[in-house]
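> Okay, here's the prediction I keep looking at, along with the sequence it came from:
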Amino acid sequence: MEIISYNCPPSGHVIVKRTSNLCQSKLPSFKTHKILCTGIDFRSGFSGYSISNQFFSKNLDHGKGSSSLDALDGLKSANSKKVLSGNYDGYVIGGEEDAGSISSDGETTKVLIPGLPDESNGESGAPISSCFWELKPKFNVHYEKAGCENVSSPAVLFLPGFGVGSFHYEKQLKDLGRDYRVWAIDFLGQGMSLPFENPTPSSKEGRTTEGKDRSWGLGDEAEPWASELVYSLDLWQDQVCYFVEQVIREPVYVVGNSLGGFVAVYFAACNPHLVKGVTLLNATPFWGFLPNPIRSPRLAKIFPWSGSFPLPESVRKLLEVVWQKISHPESIAEVLKQVYADHSTNVDIVFSRILETTQHPAAAASFASIMFAPQGQLSFIEALSRCKMNSVPICLTYGKEDPWVKPVWGLQVKRQLPEAPYYEISPAGHCPHDEVPEVVNYLLRGWIQNLESKGSVALPLFDDTESIQYSIARDVEFVREGSKKSVSVTFYGSKFSLWNSIGSYIKSRFGRLGTKSS
């Protein structure tokens, strides 16, 4: 089995063969599935490019990095920062105050929570393994895992957003992997789950001035294995189904950010027996522009192409212009600047990994297939309704300063699922799990414990198991890089209303003004 190159050296290999066909899927039939795992030591530093203060720089340890990035030699040098944290054990609510004093009157109580594992202080995070699983011919699904030694603990699966991959959950794998068995997957067509052979080989494909192949998937005829390939919601839902049944092999807690949130809800709606709970991190409520051929067969016939291979000539010409723009380092940096509310957050590794993915020869055509793929058979709202009908627990955790999936979208989900706990973090943007991982990991741990205990353990930020009907706020504090950092977390209960929230906000503001004047 051919393996796509990876920046970190392998420390060992384990191959496991499994034969199974449990999901009803549109994927072409396949018989043998292989899993190859490689240990990763993230402490050695990441070789690639660094982004800081709106300019780009190349790491000093570039010699260890992937050669696919050599074209960007003009960028400056800088070292990636190291994430430090405070104590992991326990938490304290409001110093000497009691959590029972908290109410919905707009007052806030401070909560001290643990930070990430502090390796500089002798703490060690869970080791992460990089693995490949052969889903279908010519396709290896890349995923990372941690905490497999926690055999009696719940299984947690993380699904990434568009344009990123399992690397976006490194902070969850290293932290939560100490307590749970944790996996993070790359969707087909993204991250390191790109094909390792050209889906449309042709002498007419674009070449560089030196005559070397520049891109895959731009030929005139598709290989048999790629003839029905479309990078769509339905494909990813099937991919997750197979992965849970054949790799994890038991029901899981699914966590999804952005696009991954939509896929998580879609997967849970179609396979409630495989899901113990779903956490949405700024989930996008829509995906795909073209009609689904099964839902709307007549309407779908109007569109001559919907993401399949080969790409039409007109799309190839458009792709040349669009891809050059969006894959440029400055464009990637600008997007990261938009989605992270706290610009002091170190995104060097995320930037480098996204940039590396764009250098893969299959990346451009895969992007075109994703953009023109049809909508899923279920809309986001329909998927939520099915989850509600099947009593699938859902937790909502949203960054308030998200410029794309603004809080109004999360509140719409809350109105549809009034009993679902809703946590709003501020300041935090589109990717709260990477921007404030300490808070997201704390909330995830608490929510899973609440479900596993069947409610005998209180929801995160509460000291009792009584239902919270309205909204309350907490100032959450943790240690990062040796200093304290604080964010606000607002919880919306089952009887939350927008007017109640506005009233609490006004009362809180007037209360603070009165305190200052006195």
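Perfect, I can see it now.
> Tyr442 falls within a helix, correct?
Yes - applying DSSP: H, G, I helix; E, B strand; the rest coil, one finds Tyr442 inside a helix.
> Strands along the stretch 51-200 of the chain, start to end?
Assigned by DSSP state E, counting those that start in this stretch, the stretch 51-200 of the chain shows strands spanning 55-58, 76-77, 92-93, 108-112, 128-136, 139-146, 155-159, 181-185.
> So for Met192, which of those sits nearest?
Checking those against Met192 by CB to CB gives strand 139-146 as the closest, at 3.6 Å. (Glycine included, C-beta is placed from N, CA and C.)
> and the closest one, what's its mean pLDDT?
The average pLDDT for strand 139-146 rounds to 95.
> who does it pair up with?
Next to strand 139-146 in the sheet, as set by DSSP bridges, lie strand 128-136 (antiparallel), strand 181-185 (antiparallel).
> Just the residues contacting the helix or strand that Met371 is a member of, thanks.
Taking DSSP states H and E as the definition, Met371 sits inside helix 363-372. Defining contact as CB atoms under 8 Å, 6 or more residues apart in numbering, one finds that helix 363-372 is touched by 162, 189-190, 194, 199-200, 215-218, 229-232, 289-290, 305-309, 311, 315, 319, 323, 326-327, 357.
> follow-up on the earlier one: could you work out which of the strands of the stretch 51-200 of the chain reaches nearest to Trp404?
Short answer: strand 155-159, nearest of the strands of the stretch 51-200 of the chain by CB to CB, at 17.1 Å.
> Other residues contacting that closest one?
Against strand 155-159 from outside (CB under 8 Å, 6+ apart): 166, 169, 172-173, 176, 180-185, 187, 240, 243-244, 248, 250-257, 259-261, 263-264, 444, 448.
> Where does the prediction get shaky in the stretch 201-350 of the chain?
203-214 (pLDDT under 70).
> what sits against Ala269?
Taking CB under 8 Å, 6+ apart as the test, what Ala269 contacts is 378, 382-384, 386-387, 390, 392.
> Which secondary structure element is home to it?
Here Ala269 is assigned to helix 259-270, by DSSP H and E.
> quick one, strands of the stretch 201-350 of the chain?
Under DSSP E, counting those that start in this stretch, the stretch 201-350 of the chain gives strands at 252-257, 275-281.
> Mind putting the ones you listed into TSV with distance to Thr490 and mean neighbour count?
As requested, the strands of the stretch 201-350 of the chain are exported to TSV (distance: least, CB to CB, whole Å; neighbours: other CB atoms under 10 Å):
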stretch	distance to Thr490	mean neighbour count
strand 252-257	19	27
strand 275-281	16	26
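> Nearest to Arg415, out of the ones you listed?
strand 275-281 (14.1 Å).
> tell me how far the closest one is from the chain's mean position?
In terms of CA atoms, centre = their mean, to the nearest Å, the centre of strand 275-281 is set 12 Å apart from its chain centre.
> of all the strands of the stretch 51-200 of the chain, which lies closest to Gly410?
strand 155-159 (17.2 Å).
> between the closest one and strand 181-185, how big is the angle?
Interaxial angle of strand 155-159 relative to strand 181-185 (axes from the mean of the first three to the mean of the last three CA atoms, to 10 degrees): 20 degrees.
> Tabulate the strands of the stretch 51-200 of the chain in a markdown table, adding columns for mean neighbour count and distance to Asp463.
Shown next, in a markdown table, are the strands of the stretch 51-200 of the chain (neighbours: other CB atoms under 10 Å; distance: least, CB to CB, whole Å):
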| stretch | mean neighbour count | distance to Asp463 |
| --- | --- | --- |
| strand 55-58 | 18 | 46 |
| strand 76-77 | 12 | 49 |
| strand 92-93 | 16 | 7 |
| strand 108-112 | 18 | 10 |
| strand 128-136 | 22 | 33 |
| strand 139-146 | 25 | 30 |
| strand 155-159 | 27 | 25 |
| strand 181-185 | 27 | 27 |
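> Turn the strands paired with strand 139-146 into JSON lines, columns for distance to Ser453.
Shown next, in JSON lines, are the strands paired with strand 139-146 (distance: least, CB to CB, whole Å):
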{"stretch": "strand 128-136", "distance to Ser453": "28"}
{"stretch": "strand 181-185", "distance to Ser453": "18"}
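> among these, which gets the worst mean confidence?
Ranked by mean pLDDT, these bottom out at strand 128-136, with a mean of 94.
> re the thing from before, please list only the buried members of the contacts of helix 363-372.
For those, a burial check counting by 16 or more other CB atoms under 10 Å picks out 162, 189-190, 194, 199-200, 215-218, 229-232, 290, 306-309, 311, 315, 319, 323, 327, 357.
> These in helices, which ones?
315, 319, 323, 357 (DSSP state H).
> Kindly indicate which of these lies nearest Glu477.
Thr357 (35.3 Å).
> which ones are touching the closest one?
Thr357 sits in contact with 163, 165, 190-192, 194, 363, where contact means CB under 8 Å, 6+ apart.
> As a check, name the ranges of all strands in the stretch 351-500 of the chain.
Going by DSSP E, counting those that start in this stretch, the stretch 351-500 of the chain shows strands at 394-399, 422-426, 471-480, 483-492.
> Skip the chain neighbours and tell me the closest residue to Val265.
Ala383 (4.4 Å; CB to CB, 6 or more residues apart in numbering).
> let me redo that: His360
Leu194 (5.2 Å).
> and the one you found, what is it in contact with?
Counted by CB under 8 Å, 6+ apart, Leu194 has contacts 4, 357, 360, 362-363, 366.
> Then Met389?
By CB under 8 Å, 6+ apart, Met389 has no neighbours at all.
> how near is it to Phe462?
28 Å (CB to CB, to the nearest Å).
> With Gly115 instead?
Taking CB to CB, one finds Gly115 at 21 Å from Phe462.
> okay, the two: which has more neighbours?
Between Gly115 and Phe462, counted using other CB atoms under 10 Å, Gly115 has the larger neighbour count: 25 against 21.
> from what I can see the more buried one touches Glu438, true?
Yes - between Gly115 and Glu438 a contact is recorded at 5.2 Å, counting by CB atoms under 8 Å.
> list the contacts for the most centrally placed residue in the chain?
Among the residues of the chain, the one closest to the centroid is Pro160, at 2.6 Å (CA atoms, centre = their mean). Pro160 is in contact with 166, 168-169, 184-187, 190-191, 257-260, counting by CB under 8 Å, 6+ apart.
> Likewise for His430?
So His430 contacts 161, 257-258, 282, 338-340, 399, 402-405 (CB under 8 Å, 6+ apart).
> and if you look at Gly177?
Here Gly177 is in contact with 125-128, 146-147, 150 (CB under 8 Å, 6+ apart).
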